[in-house]
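Participant: I'd like to go over a predicted model; first the sequence, then the structure.
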Amino acid sequence: MEQANYIKAIVTAIFTVISSLLGVLAIPVIMLVGSNIVDYVTGLMASPYRDQDINSYKSIRGIFKKISMWSLVIVGAMMDELIMYTSMSIGKELPLRFVIACTVADLQRDYKYIRERTGYGSQYTAILTAIG
């Protein structure tokens with residue numbers, strides 16, 4: 001029982017640090033990390049059923065996709081900071097923080113689900129594949 005309390009304390013400390021660093025953006029980032037992990041695991045599980053082998057080229061390609069996904073979220077956060085700085089400079093305070101970054105993170109997660117699970121979204125595939 002004492003070991004379970006120790007693990008709970010460690011998990012609570014980790015999530016406390018993440019939320020203090022990211023603030024409002026913590027939940028979308030945690031959801032994006034979770035979907036990345038689920039995507040990786042389900043890809044590994046599905047490869048034998050698709051008669052595909054797991055090789056380093058596919059792994060590197062997947063890593064680059066994840067890096068570009070995270071880059072888009074970072075660019076969204078930077079845009080949010082620029083908007084907040086501009087609004088503070090003109091004397092107006094905006095009530096929302098990290099709107100663009102949260103929206104980008106959520107759209108990426110939704111687009112990925114729609115594209116991979118249903119096959120729809122082909123009209124957006126060329127645009128989103130180029131950036132992600």
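Facilitator: Yes, it's here.
Participant: Please read off the pLDDT at the spatially most central residue of the chain from the model.
Facilitator: The C-alpha lying nearest the average C-alpha coordinate of the chain belongs to Leu32 (Cα atoms, centre = their mean; 3.0 Å). pLDDT for Leu32: 80.
Participant: any idea of the mean pLDDT for the helix or strand containing Trp70?
Facilitator: Applying DSSP states H and E as the criterion places Trp70 in helix 56-89. In this model, helix 56-89 has an average pLDDT of 82.
Participant: Tell me which residues of it come out buried.
Facilitator: Neighbour-count burial for helix 56-89 flags 66, 69-70, 72-73, 76-77, 80, 84 (criterion: 16 or more other Cβ atoms under 10 Å). Glycine gets a C-beta too; all of them are placed from N, C-alpha and C.
Participant: quick check, distance from it to the centre of its chain.
Facilitator: 9 Å (Cα atoms, centre = their mean, to the nearest Å).
Participant: helices or strands next to it in the packing?
Facilitator: Counting contacts by 3 or more Cβ pairs under 8 Å, 6 or more residues apart in numbering; DSSP states H and E, helix 56-89 packs against helix 26-46, helix 99-118.
Participant: worst average pLDDT in the ones you listed?
Facilitator: Among those, helix 99-118 scores lowest, with a mean of 68.
Participant: Counting neighbours, what do you get for Asp53?
Facilitator: A count of nearby residues for Asp53, using other Cβ atoms under 10 Å, gives 8.
Participant: ugh, wrong one, I meant Ala26
Facilitator: 17.
Participant: for Val29, same thing?
Facilitator: Val29 has 20 nearby residues by other Cβ under 10 Å.
Participant: And it, how far from Ser20?
Facilitator: Distance from Val29 to Ser20, counting by Cβ to Cβ, to the nearest Å: 13 Å.
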